[in-house]
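In: Sharing a model prediction with you, sequence too.
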Amino acid sequence: MRLTLVNASDVIRDGLGAELVDESNQTIAEVFRSDKTLTIIVNTFGNDIPLDAMEELLSYARKYLKTFEDGQPLSSATNFGTLRN
């Protein structure tokens, strides 16, 4: 399976995404930055994603998504810091 990283803009959800797309041009995973809710989510749409592909998607998303529309850094996302060790 050959996968590709692409940029996506979503006017309805008010944000930007970095997507992992398969050979049939179907999005199999995304990292979405919502400028409306100031959140960042990862969605695999129920797909099993190879670890190396997910790592590439996350790295790509950090570079592409950069900051929220209002200039705040991604680290200020309202849903960051929810993981507890």
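Out: That came through fine. This is a predicted model, so every value here is computed, not measured.

In: For Met1, grab the count of nearby residues.
Out: 7 (other CB atoms under 10 Å). For the C-beta atoms, the positions are set from N, CA and C on the backbone; glycine is no exception.

In: what's the nearest residue to the residue nearest to the spatial centre of the chain if we skip its chain neighbours?
Out: The C-alpha lying nearest the average C-alpha coordinate of the chain belongs to Val31 (CA atoms, centre = their mean; 1.0 Å). Beyond its immediate neighbours in the sequence, the residue positioned closest to Val31 (CB to CB, 6 or more residues apart in numbering) is Ala61, lying 3.6 Å away.

In: Surely the one you found is within a strand?
Out: No. Under DSSP: H, G, I helix; E, B strand; the rest coil, Ala61 falls outside any strand and is assigned helix.

In: residue contacts, the closest residue to Val42 other than its chain neighbours?
Out: With sequence-adjacent residues excluded and distances taken as CB to CB, 6+ apart, Val42 is closest to Val31, at 5.3 Å. The contact partners of Val31, by CB atoms under 8 Å, 6 or more residues apart in numbering, come to 17-18, 40-42, 57-58, 61, 65.

In: Now tabulate those residues in CSV and tack on pLDDT.
Out: CSV is the format used below for the contacts of Val31 (pLDDT from 0 to 100):
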residue, pLDDT
Gly17, 97
Ala18, 97
Ile40, 96
Ile41, 96
Val42, 97
Leu57, 97
Leu58, 96
Ala61, 95
Leu65, 94
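
In: Just the buried ones among these, please.
Out: By neighbour count, with 16 or more other CB atoms under 10 Å, those hold 17-18, 40, 57, 61, 65 as buried.

In: contacting residues for Ala29?
Out: Neighbouring residues of Ala29 by CB under 8 Å, 6+ apart: 19-20, 42-45, 47, 49, 53-54, 57.

In: Tell me the bridge partners for it.
Out: For Ala29, the residues forming beta bridges with it (DSSP bridges) are Leu20.
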